[in-house]
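K.L.:
Could you work out the structure for the sequence below:
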Amino acid sequence: MKAISSLTVKQVKNKVAQLSLDEAQQMIMILEADDRKSINRIANKIKKEVAAVKKEENRIKKLWAYEKEITENCSIVAGIDEVGRGPLAGPVVCAAVILPKDAELIGIDDSKKVKREDRERLFKAIEEKAIAVGIGICDEKIIDDINILEATKLGMKKAIEDLDSKPEFLLIDALTLDDIPIRQKGIIKGDSKSISIAAASIVAKVTRDRIMYAYNEKYPEYGFLTNVGYGTKEHREALKAIGPTPIHRKSFIKNLI
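P.N.:
Model prediction:
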């Protein structure tokens, strides 16, 4: 590259844009030494990007804490989470995910904190990198029959049974499961504290959303494409005007219709 001082600001921006973050980081001192404030701002932008990457790397490192502690005594840990306990319609979907120790999933978090496009990207990455992924679904009929808590636990058990590899330890978001002969630990807000639970959260969320998007084709009046079954104003008004569909949870809507 030519000396920075001989390049225009636009040329410097274009050059920096072609570099990896590591390569750009090596230019910070040169950019800071330039007399032009606009060039100095490019250096500051790189600094912020580097700081953001390091912050994310540290966050991901903390997400591995439970898994690393447990794998000192056993090698296969499954994270388990659910999505869909609160909606008025549709199933509760549970997922179990076993990750290899070297899995890189930058941006992973509790699915509620992740944008839709990033959830789709992470879902694909989890499918590609995970040792095993299991899904357990309990529909509205089961929810009405045994209540949402028991349906959630049943869905989690189904997800564990759906795994191709048998886990030696379970990390579960907020719950523990009876009648499961596997060591386990329930973690409050586990989808923000354990990478395996966060991965399960992403898988469960994307899976359930896809189910509800498909239902939107059949029942477009209820806004499932945006509310995925939750009780938004649009959804509640449709319930009052049209009545429930076969996928509505009777035990959830009895006071709304």
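
K.L.:
Quick check: which element contains the closest residue in space to Phe224 that isn't next to it in sequence?
P.N.:
Distances taken as CB to CB, 6 or more residues apart in numbering place Asn216 nearest to Phe224, at 3.9 Å, with adjacent residues excluded. For every residue, glycine as well, the C-beta is placed using N, CA and C. Using DSSP states H and E, Asn216 sits in helix 195-218.

K.L.:
could you say what helices and strands that helix packs with?
P.N.:
helix 37-63, helix 65-70, strand 77-83, strand 92-98, helix 116-129, strand 132-138, strand 169-173, helix 224-227 (3 or more CB pairs under 8 Å, 6 or more residues apart in numbering; DSSP states H and E).

K.L.:
a markdown table for the ones you listed, including mean neighbour count and distance to Ala3?
P.N.:
Shown next, in a markdown table, are those (neighbours: other CB atoms under 10 Å; distance: least, CB to CB, whole Å):
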| stretch | mean neighbour count | distance to Ala3 |
| --- | --- | --- |
| helix 37-63 | 14 | 12 |
| helix 65-70 | 16 | 47 |
| strand 77-83 | 29 | 52 |
| strand 92-98 | 30 | 51 |
| helix 116-129 | 16 | 39 |
| strand 132-138 | 22 | 52 |
| strand 169-173 | 24 | 54 |
| helix 224-227 | 18 | 53 |
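
K.L.:
Give the next helix or strand downstream of the least confident helix or strand in the chain by mean pLDDT.
P.N.:
Within the chain, confidence by mean pLDDT, DSSP states H and E is lowest for helix 21-25 among all helices and strands, at a mean of 89. Note on helix 21-25: by DSSP H and E, the next helix or strand toward the C-terminus is helix 28-33.
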